[in-house]
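Undergrad: generate a structure from the sequence data that follows.
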Amino acid sequence: MSSGGGIETLRDLLYLRGVDMAIVPGNALAQAQATESLGPNLPQRIAYIARLYNEEVHLLVGRNTKELADLRGKKIAVPVEDGSALFTARDLFARFSVDVEIVRMPAAEALELVRAGDLAATLLMAGKPLPLLADMPKDGSIRLLALPFTPALEDGYVPAAFRADDYPMLIPDGLVVESVAVSAMLMAHNAKGAEGSLQRTAKFVPAFFDATSEHLLNRYTKWEVNLAATLPGWSRLPAAEEWLRWTQRQQTLSLQKSFEEFLRETRPPGSPDLPPAQRKKLFDEFVSWTRKSVGETDALARR
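TA: Next up is the predicted model:
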């Protein structure tokens, strides 16, 4: 990805001919909307299709760093080719009002410099667990620094956490290290004059959603696609909204059929029909129980 990270990707979606969709990090999307750096009324020009996955922010520090403020005035490394990590480092430290100097170097080199005390910290972005951290020594020379999730981060980040199961060499049993993650959003054109692009995405969306709901994408562990997830302040692409409404109707019909089978199996033969109010109450309880058992989003995704 280019050094501009998600901003460059978003610019390509808006202005590059032939680009119908783009995977855009949530923090870049939030900044572009807040600053109007790519023009006004961005939520009216593009729409979201789905949230694809989260990438956790790993802020690794040495022995002498106890809290975020200790990094003020220090050098923080990000991987050379990772534009999203560069953008996120700049965005996060600005939001926390901690002035740092961001440098770029290979991740493995940065980790060794942090361990040696020659570099204050390195910021990596990836779905946990990050294989690069698997061989870190359990000697306290490097650790994950907590990044608290605050209301000021709600427009571009989601809460995350690391545990001993994720990084046994870095985190003691029972300890939770809070962090934040960036959601990757699949965005598409939604403006007047983009009819051709809308037609192409309208063909893509049902195929993509069907494949996703059948777990064809879940062979990639971080593609934890939540088809029903919303993005506050933004509109869902009409084709995606239509697919979800149809799926919800199909889900309701399937639940109704299961409910009828449940009644036939549990009520004695010849029992009188239930009054409409009681029947509706039982059906609502059945739907609630079913969704709690399998998870409403997972049930929707499997349809």
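
Undergrad: looking at the chain, which residue ends up farthest from its center?
TA: Distance from the C-alpha centroid of the chain peaks at Gly270, with 52.0 Å (CA atoms, centre = their mean).

Undergrad: now the biggest helix by length in the chain: buried residues?
TA: Determined from DSSP state H, the single longest helix within the chain is helix 238-266. Using 16 or more other CB atoms under 10 Å as the test for burial, helix 238-266 gives 239-240, 243-244, 247, 251, 255, 259, 263. To be clear about C-beta, it is placed using only N, CA and C from the backbone, and glycine gets the same treatment.

Undergrad: about what we covered before: any idea how far the residue farthest from the centre of the chain is from Val205?
TA: Distance of Gly270 to Val205, computed by CB to CB, to the nearest Å: 49 Å.

Undergrad: check Phe162 too.
TA: Phe162 is 34 Å from Val205, by CB to CB.

Undergrad: one more: Arg115?
TA: Remark: distance between Arg115 and Val205 (CB to CB) = 46 Å.

Undergrad: more neighbours, these two?
TA: Legend: neighbour count by other CB atoms under 10 Å for Arg115 and Val205, higher for Val205 (23 against 18).

Undergrad: need the contact list for the more buried one.
TA: Going by CB atoms under 8 Å, 6 or more residues apart in numbering, Val205 touches 49, 237, 239-240, 243.

Undergrad: picking that back up, so which of the buried residues of helix 238-266 sits lowest on pLDDT?
TA: In this model, the minimum pLDDT among the buried residues of helix 238-266 belongs to Gln251 (69).

Undergrad: centre of the chain versus the lengthiest strand in the chain, how much separation?
TA: In the chain, assigned by DSSP state E, the strand with the most residues is strand 46-61. Counting by CA atoms, centre = their mean, to the nearest Å, strand 46-61 is centred 4 Å from the centre of its parent chain.

Undergrad: do the same with stretch 171-179
TA: The answer for stretch 171-179 is 21 Å, by CA atoms, centre = their mean.

Undergrad: buried sites along it?
TA: Residues of stretch 171-179 classed as buried by neighbour count (16+ other CB under 10 Å): 171, 177, 179.

Undergrad: the residue nearest the centre of the chain in helix, strand or coil?
TA: In the chain, the centroid-proximal residue (CA atoms, centre = their mean) is Ser183; its distance is 2.7 Å. For Ser183, the assignment made with DSSP: H, G, I helix; E, B strand; the rest coil gives strand.

Undergrad: quick one: contacts for it?
TA: 25-26, 51-54, 158.

Undergrad: was I right to think Val19 contacts Arg11?
TA: No: taking contacts as CB atoms under 8 Å, Val19 lies outside contact range of Arg11: 9.8 Å.

Undergrad: where does pLDDT dip in the protein?
TA: 1-5, 213-225, 251, 287, 290-303 (pLDDT under 70).

Undergrad: got the residue ranges for the helices in it?
TA: Going by DSSP H, the chain shows helices at 6-15, 26-35, 42-45, 83-95, 107-116, 195-213, 238-266, 276-294, 296-302.

Undergrad: buried stuff in the shortest one?
TA: Read it as helix 42-45. Going by 16+ other CB under 10 Å, helix 42-45 has these buried residues: 42, 45.

Undergrad: do the first one as well
TA: When burial is assessed from 16+ other CB under 10 Å, helix 6-15 yields the following buried residues: 6-14.

Undergrad: can you add distance to Ala188 and give the residues you listed back as TSV?
TA: Below are those laid out as TSV (distance: CB to CB, whole Å):
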residue	distance to Ala188
Gly6	15
Ile7	17
Glu8	17
Thr9	13
Leu10	12
Arg11	15
Asp12	13
Leu13	8
Leu14	11
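
Undergrad: which one of those residues is nearest to Ser37?
TA: Nearest to Ser37 among the buried residues of helix 6-15: Ile7, at 7.2 Å, using CB to CB.

Undergrad: domain assignment for this structure?
TA: What the record gives for the chain is the domain set 6-186, 237-303, from automatic domain parsing.

Undergrad: off-centre distance for the shortest one?
TA: The chain centroid and the centroid of domain 237-303 are separated by 29 Å under CA atoms, centre = their mean.

Undergrad: count the neighbours of the residue lying closest to Tyr48 once chain neighbours are set aside for me.
TA: Using CB to CB, 6 or more residues apart in numbering and skipping residues adjacent in sequence, the residue nearest Tyr48 is Leu231, 4.7 Å away. By the criterion of other CB under 10 Å, Leu231 has 18 neighbours.

Undergrad: what sits against Leu231?
TA: Residues near Leu231 by CB under 8 Å, 6+ apart: 26, 48, 51, 185.
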